[in-house]
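>>> Sequence first, then the predicted structure, then my questions.
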Amino acid sequence: MAEAVRKSRLMFLKLMAKLFASVLTLFGVLSSCENSREIIAPYGVQGVTIYGKTYSSGDSSSIAGIQIKLSNPDSAVEYAETTSDDSGFYALEIHTYEITLPDSILLTATDIDGVENGSFASKDTLLYVEEDEYYDIDLYLQEDDE
């Protein structure tokens, strides 16, 4: 009788081990099915950050409401977009999974608020980015004579 109890206990433990291994395998597979683009190395600079201010080229005052975009040189792929704040400041970031360095990127400034903060002509600048780091780029925009 003791032998039967020992064998049934052993069979129960084997069954529980198989069930536990199956559940852990299922959790491992399901947790790895997230968006692979979000996996970023947790060390070093993780991309290119471009920040600066928008100014009027006439009187060097800061301009709010200017849309700043980063795209590839032919503007087919847009990497990031923002609008300058009340002090004219903007900041954009491109992650390393979006571009392969070195690469050229197009920085475009467009007045999207009309005459609210003054009317300014659009400006674009082609940048050659060689490594992951921070770039400080101030943009001086001409007043639009429409």
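Arrived safely, thanks for sending. Numbering: from 1, shown residues only.

>>> buried set for the helix or strand of the chain with the lowest mean pLDDT?
Scoring the helices and strands of the chain by mean pLDDT, DSSP states H and E places helix 2-31 at the bottom, with a mean of 83. By 16 or more other C-beta atoms under 10 Å, helix 2-31 has no buried positions at all. Every residue, glycine included, has its C-beta placed from N, CA and C.

>>> what comes into contact with the helix or strand following it?
Sequence order places strand 47-56 as the next helix or strand after helix 2-31, per DSSP states H and E. Applying C-beta atoms under 8 Å, 6 or more residues apart in numbering, the contact partners of strand 47-56 are 61-63, 66, 68, 70, 84, 87-96, 98-99, 101, 105, 107, 109, 118, 120, 127, 129, 132-141, 143.

>>> What subset of those is buried?
By 16+ other C-beta under 10 Å, the contacts of strand 47-56 give 62-63, 66, 68, 70, 84, 88, 90, 92-94, 98-99, 105, 107, 109, 118, 120, 129, 139, 141 as buried.

>>> Inside strands: which ones of those residues?
With strands taken from DSSP state E, the overlap with these comprises 66, 68, 70, 90, 92-94, 105, 107, 109, 129, 139, 141.

>>> now those in a markdown table, with pLDDT?
Below are these laid out as a markdown table (pLDDT from 0 to 100):
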| residue | pLDDT |
| --- | --- |
| Ile66 | 91 |
| Ile68 | 94 |
| Leu70 | 91 |
| Tyr90 | 94 |
| Leu92 | 92 |
| Glu93 | 90 |
| Ile94 | 87 |
| Ile105 | 89 |
| Leu107 | 92 |
| Ala109 | 92 |
| Val129 | 84 |
| Leu139 | 91 |
| Leu141 | 90 |
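
>>> mind listing what Asp85 touches?
Applying C-beta under 8 Å, 6+ apart, the residues contacting Asp85 are Ala64.

>>> I should have written Asp86 there, sorry.
Ala64.

>>> Just say helix, strand or coil for it.
coil (DSSP: H, G, I helix; E, B strand; the rest coil).

>>> Glu78 is in contact with Ser71, correct?
Yes: between Ser71 and Glu78 there is a contact under C-beta atoms under 8 Å: 4.6 Å.
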